[in-house]
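[1] Whatever this is, show me its structure:
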Amino acid sequence: GTTTRISHITKINLNDNCIGTQATEDLLFALRNPSVRAIFLARNFIQASAGTIISTCLRRNTIQWRYLDLQGNQLGKDGVNPIFWALRRNVSLIHLNLSDNNIGPDFGTERDEIEHYGNSLAAAIEYNYS
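    Got it, this is the predicted structure:
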């Protein structure tokens, strides 16, 4: 098993570092603890595959992230959809910035047919209450 030591880091800002998808996934895996409250990863060339680990982290009840900034990456619809699915279970996140991620103008609308994947933008937001 993995032994996790208690972290004293509550905020990490790595905006504009071009760390990419793999480093982001490794970092988020390491930050799966109750101490971290704010993660800033804007403009880091994060691809859609990172959406899976982000959603996994958001679904864990031991993670208490309050702020997550993923602005200006390349998550796209495929990376953002699992994040919105995870919001149905997460009650700690109060700020999520996904602007400029090539999601497209139809994301979360009826034209998007996102319900086909078992989620809708409105349902994700509705279930995200504390």
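
[2] Do a quick rundown of the strands in this protein.
    11-13, 38-40, 67-69, 95-97 (DSSP state E).

[3] Columns mean neighbour count on top of those, output as TSV?
    In this view, the C-beta of every residue, glycine as well, is placed from N, C-alpha and C. Output for the strands of the chain, formatted as TSV (neighbours: other C-beta atoms under 10 Å):
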stretch	mean neighbour count
strand 11-13	13
strand 38-40	18
strand 67-69	19
strand 95-97	15
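
[4] Turn these into TSV, columns for distance to Thr21 and mean pLDDT.
    Shown next, in TSV, are the strands of the chain (distance: least, C-beta to C-beta, whole Å; pLDDT from 0 to 100):
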stretch	distance to Thr21	mean pLDDT
strand 11-13	17	96
strand 38-40	15	96
strand 67-69	16	96
strand 95-97	18	95
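
[5] Adding distance to Asp26, write those strands out as JSON lines.
    Below are those laid out as JSON lines (distance: least, C-beta to C-beta, whole Å):
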{"stretch": "strand 11-13", "distance to Asp26": "13"}
{"stretch": "strand 38-40", "distance to Asp26": "13"}
{"stretch": "strand 67-69", "distance to Asp26": "17"}
{"stretch": "strand 95-97", "distance to Asp26": "21"}
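
[6] among those, which is nearest Val80?
    strand 95-97 (9.9 Å; C-beta to C-beta).

[7] How about the spatially most central residue of the chain: what's its closest non-neighbour residue?
    Nearest to the mean C-alpha position of the chain, counting by C-alpha atoms, centre = their mean, stands Ile54 at 4.2 Å. Nearest residue to Ile54, sequence neighbours excluded (C-beta to C-beta, 6 or more residues apart in numbering): Ile83, at 5.4 Å.

[8] I'd say the one you found and Ile53 touch.
    No - Ile83 is beyond contact range of Ile53, at 10.2 Å (criterion: C-beta atoms under 8 Å).

[9] For Ile54, report the pLDDT, please.
    We have a pLDDT of 95 for Ile54.

[10] Check whether it really touches Ala86, as I assumed.
    Yes - judged on C-beta under 8 Å, Ile54 makes contact with Ala86 at a distance of 7.4 Å.

[11] Where does pLDDT dip in this protein?
    For the chain, residues meeting the criterion pLDDT under 70 lie at 1-6, 108-130.
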